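Student: what follows is a predicted structure for the sequence shown.
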Amino acid sequence: MGTWTWFHKLASPPHFYRIAGKMIPWYAIPAALLIATGLYGGLVLAPPDYQQGDAYRIIYLHVPSAWLGLLCYTTMATAAAVGLIWRIKLAHALAAATAPIGASFTLLALATGSLWGRPMWGTWWTWDARLTSELILLFLYFGYMALRSAFDDLTRADRASAVLALVGVVNVPIVHYSVTWWNSLHQGSTVIRSGGPAMPPSMLVPLLLSALGFTFLYAALACVRVRGEVLIRERNASWLQELASGR
Amino acid sequence: MEAFLHMGGYARFVWPAYGLAVVIFGWNIWAARKLEREALERARRRLATTRPGESGDAAR
């Protein structure tokens, strides 16, 4: 089968719908195992930090959720661009499916960061570059979802929200590099830095497992949501009829 | 066990963070399944008023 045949087959809604359904357990089960192992390692096995004591254990939620917030936005903006340029409905479906997941994990990143900041910095919140750009990320998600719900026509909602997603993508590198570009209260990169991660393996491995688990969780959730989004967009009844009577 | 729950004096920051994570996980699973279920329900209702192969737009 040639690449294009394969691509066209995947891009056909009934095929995509079926594949997404089949993939759910392949993402959900590793997600559960990885998150459970990562959080157990982080809460129980990893030693306390010599400066931050046990408070640093919030990292095992904070870093993976912040990572997912950025990954979801990048995925959403890329899918939105594909949808706009090639007018592929499935791409818009993926962008729409991704937004609420990304928003919820950005919220978790902000809340866990606040719970970490209080004992370490002595404040729940400060208007510094990292925190502010992360808050803007959350508002971009909210704006994207609010704009979608403002349209009755799904095609127009897809196009208008895609433009917003693309404009907002400039914020992604700002969030990531904010701790380098500006003098920030937020600590610098611990994992991705020159000279290797600034953590011993007993602390680092649970963090990586947790981050990988969150990523698998996104994939599982996106598969479920994208099936819903495909059904909403499919007006052609032939394959839907089969599906509706089959269950 | 008590020392573990105590989190070196940071229990009131660590456990709310983990509690909130459970809420976010739960909401995501619930909301995703709800979206899929409702989309399928709507498709069924739409199809109940249209013949196969015909555009469902009329039923909107």
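Tutor: Looks like it came in fine. Numbers count the residues shown, from 1 in each chain, chains lettered A, B, ... in the order given.

Student: ramachandran angles for residue 47?
Tutor: Since you didn't name a chain, this refers to chain A. Main-chain dihedrals, A:Pro47, degrees, to the nearest 10: phi -70, psi 160.

Student: nearest residue to it other than its sequence neighbours?
Tutor: A:Ser202 (6.2 Å; CB to CB, 6 or more residues apart in numbering or on different chains). (Each C-beta comes from the backbone N, C-alpha and C, glycine too.)

Student: before we move on, what about A:Leu34?
Tutor: Nearest one to A:Leu34, counting by CB to CB, 6+ apart, is A:Gly213 at 3.1 Å.

Student: same check on A:Ala198?
Tutor: Excluding the flanking residues, the one nearest A:Ala198 by CB to CB, 6+ apart is A:Thr190, at 5.2 Å.

Student: wasn't that neighbour part of a strand?
Tutor: No: counting by DSSP: H, G, I helix; E, B strand; the rest coil, one finds A:Thr190 to be coil, located in no strand.

Student: does it really touch A:Met199, like I thought?
Tutor: Yes: distance between A:Thr190 and A:Met199: 5.9 Å, which falls inside the contact criterion (CB atoms under 8 Å).

Student: more neighbours: the two, which one.
Tutor: Neighbours were tallied for A:Thr190 and for A:Met199 using other CB atoms under 10 Å in any protein chain shown; the higher tally belongs to A:Met199 (17 against 14).

Student: quick one: buried residues of the longest helix along chain B?
Tutor: When chain B is parsed with DSSP state H, its longest helix is helix B:11-48. Within helix B:11-48, the residues scored as buried using 16 or more other CB atoms under 10 Å in any protein chain shown are B:13-14, B:17-18, B:20-21, B:24-25, B:28, B:31-32, B:35-36, B:39-40, B:43-44, B:46-47.

Student: let's see stretch A:143-161 as CSV, backbone CA atoms only.
Tutor: Output of stretch A:143-161 as CSV, limited to C-alpha atoms (Å, rounded to 0.1, in the frame of the first residue of the first chain):
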residue,chain,number,x,y,z
GLY,A,143,-10.7,31.8,24.6
TYR,A,144,-10.4,29.0,22.0
MET,A,145,-13.3,27.0,23.7
ALA,A,146,-15.5,30.1,24.2
LEU,A,147,-15.0,31.1,20.5
ARG,A,148,-16.0,27.7,19.4
SER,A,149,-19.2,27.7,21.4
ALA,A,150,-20.1,31.1,20.0
PHE,A,151,-20.8,29.6,16.6
ASP,A,152,-23.8,27.5,15.7
ASP,A,153,-22.2,26.4,12.4
LEU,A,154,-19.4,23.9,13.2
THR,A,155,-17.4,24.7,10.0
ARG,A,156,-17.2,28.3,10.9
ALA,A,157,-16.4,27.5,14.6
ASP,A,158,-13.5,25.2,13.4
ARG,A,159,-12.1,27.9,11.1
ALA,A,160,-12.4,30.9,13.5
SER,A,161,-11.0,29.0,16.5
